[in-house]
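Q: Give me coordinates for this.
(one chain, ligands or ions: 1)
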Amino acid sequence: MRNPYNKYYLTEEYFGKPYPGLVEFFKAYSERGNVLDLGCGQGRDALFLGRIGYQVTGIDISDIGIQRLNKTAQIERLKVKGFVADIFKFGITDEFDMVLLDSILHFYKNDFKKEKDFLTRVIEELKPNGVLCNFMQKGSKREHELKNIIFEAGIDFIVLSDGYTEYPEYNSEIHMYIIKKL
Ligand SMILES: C[S@@+](CC[C@H](N)C(=O)[O-])C[C@H]1O[C@@H](n2cnc3c(N)ncnc32)[C@H](O)[C@@H]1O
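A: Just a heads-up that it's a prediction; the model follows:
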């Protein structure tokens, strides 16, 4: 399976390094759980998480991205493994303690329903005490949509983080919303 991101992932660290806010959150988080990185790309987050002791499964439709991720993980002997698959069909089983979505949700008009259904399913399938970490471009409308979809899912949760982090490589800001399902 190939996708348009393949050409970008020929460049190392195409999307840059993990955001400072992501680094800070995961370093400080007390449990080193099993993370599912949906739409992991070439693994900037997955590899970072592996290096600080998390176990990570990365899913992406870019075979080039997944190849790069797996090569680095193997060289560094990390507990990180990437698979080429469609995130919109990938089931969230109990083995995953945390689900990471980085730059996957945008809520553009044409994709809204697909992304809403996807996010609702992720929330529903996430196990109790599971953590959902969403990082997306700052924007009051899309942040409102995100929170609304989570609210409408009707689960009990606590908010672990609701703020912004820098994205130095692209001179922009990212909204980070991290919740724990109760
Ligand atoms: C903007 S990139 C973000 C990559 C990574 N999360 C990061 O922040 O570096 C979006 C990623 O989603 C992947 N993607 C898009 N649709 C997908 C699908 N249906 N299944 C799996 N991956 C998909 C793309 O291949 C791409 O790697």
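
Q: how about the nearest residue to residue 121 once chain neighbours are set aside, phi and psi?
A: Using C-beta to C-beta, 6 or more residues apart in numbering and skipping residues adjacent in sequence, the residue nearest residue 121 is residue 92, 7.7 Å away. (Glycine included, C-beta is placed from N, CA and C.) Residue 92 has phi and psi values of phi -100, psi 100 when expressed as degrees, to the nearest 10.

Q: how many neighbours does residue 92 have?
A: Counted with other C-beta atoms under 10 Å, the neighbours of residue 92 add up to 18.

Q: That one touches residue 126, doesn't it?
A: Yes - shown here, residue 92 and residue 126 form a contact pair, counting by C-beta atoms under 8 Å, at 5.6 Å.

Q: shared neighbours of the two, anything?
A: By C-beta atoms under 8 Å, 6 or more residues apart in numbering, residue 92 and residue 126 have these common neighbours: residue 99.

Q: Model confidence score at residue 4, please.
A: For residue 4, the model assigns a pLDDT of 87.

Q: before we move on, what about residue 61?
A: On the pLDDT scale, residue 61 gets 96.

Q: go on, residue 171?
A: Listed pLDDT for residue 171 reads 95.

Q: what are the phi and psi values for residue 71?
A: Here residue 71 shows phi and psi, under degrees, to the nearest 10, equal to phi -60, psi -50.

Q: which parts of stretch 117-137 are buried?
A: 118-119, 121-123, 126, 130-137 (16 or more other C-beta atoms under 10 Å).

Q: Tell me the residues on the chain that lie near the ligand, please.
A: Taking C-beta under 6 Å from any ligand atom as the criterion, the chain approaches the ligand at residues 3, 5, 15, 39-41, 44, 59-62, 65, 86-88, 102-104.

Q: among those residues, which are in helices?
A: 44, 65 (DSSP state H).
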